[in-house]
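Novice: with the input below, show me the fold.
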Amino acid sequence: MQIIFDVKLAEKYNSSSQKIKAMSEGWVGNEIFCPACGCPINHFENNRPVADFYCDDCKEEYELKSKKDSMGNKIVDGAYRTMIERLQSNNNPNFFFLNYDLKNFEVRNFLVIPKHFFVPDIIEKRKPLSEMARRAGWVGCNISLSSIPQTGKIFYIKNGKVETKKEVLENWQKTLFLREEKELASKGWILDTMSCIDKIGKREFSLDEVYAFEKELKEKHPENNFIKDKLRQQLQVLRDKGYLEFVSRGRYKLAI
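Specialist: Numbering: from 1, shown residues only. As a prediction, this is how the structure comes out:
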């Protein structure tokens, strides 16, 4: 996989944003395969409101977000209301995130986050634009990458190192079970539990270590008075889906 932008694609543009858009989209179109099936991806016509790329074979769609320097914990997105409406619809695309080095036009990180990891909790509302702004009162949003479980960040390139196609395809398959959960609230609890497991930082862990997040989750879900019961339920779901394995009484380990 080539990790350097083709600078010739930017020659006919004047603004920096147009140049980066042309180079980044050109790079994705030439180098990236569909993580769901491995086939080449295609570029949608310009100004499509929902997505930038699609797979003609499996029909998955992808929106591209690019950022120079470091990935950081947040990605700036568009209107908050529009994003929340998309999460509740059937046409929400998967997201490609591209991080590049502006000095040498080199791709440093490229990953895909499957759409089933997108729930309202990871969308941060920004402050409305001031009354002096051209779009006074407009409210944008950020995508909080730090709120997404690690298994939801499928890297093609990480810190300049290219991952194998086999690994990308396998990592995509590991969490497809989340698409079976149609209710955002229920999916949110599964993702919360996966994030707690990430924070524990071990392949094998105890139920008590998961319970340690009870206070944190109570603040996030003040209406729920049975946090531990909910956590046990989600661990059972993750075990049934093959994400976890039961080791012994009160002990689990990651199966993926």
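
Novice: from memory Gly38 sits against Lys165, does it?
Specialist: Yes - the pair Gly38 / Lys165 is scored as a contact, 6.5 Å apart, by C-beta atoms under 8 Å. Every C-beta, even on glycine, is put in place using the N, C-alpha and C of the backbone.

Novice: give the contact list for Gly38.
Specialist: Lys165, Leu169 (C-beta atoms under 8 Å, 6 or more residues apart in numbering).

Novice: Leu111 in helix, strand or coil?
Specialist: Look at Leu111: counting by DSSP: H, G, I helix; E, B strand; the rest coil, its state is strand.

Novice: look up the closest residue to it, ignoring the ones flanking it.
Specialist: Among residues not flanking Leu111 along the chain, Phe155 sits closest, at 4.6 Å (C-beta to C-beta, 6 or more residues apart in numbering).

Novice: count of neighbours near Lys220?
Specialist: 13 (other C-beta atoms under 10 Å).

Novice: what of Leu145?
Specialist: 18.

Novice: quick check on it: phi, psi?
Specialist: phi -70, psi -30 (degrees, to the nearest 10).

Novice: which residue packs closest to it, ignoring adjacent ones?
Specialist: Asn73 (5.4 Å).

Novice: how about Arg239?
Specialist: Phe246 (5.7 Å).

Novice: returning to that earlier point: need the pLDDT of the residue nearest to Leu145.
Specialist: Each residue has a pLDDT score; the one for Asn73 is 86.

Novice: what sits against Lys230?
Specialist: Trp189, Leu217, His221, Asn224.

Novice: same check, this time on Lys68
Specialist: So Lys68 contacts Ile20, Asn99, Tyr100, Asp101, Leu102 (C-beta under 8 Å, 6+ apart).

Novice: the strands in the stretch 101-250 of the chain, which residues?
Specialist: 106-113, 123-125, 140-144, 154-158, 161-162, 204-206, 244-248 (DSSP state E, counting those that start in this stretch).

Novice: now, which of the contacts of Lys230 sits nearest Cys196?
Specialist: The closest of the contacts of Lys230 to Cys196 turns out to be Leu217 (C-beta to C-beta; 7.7 Å).
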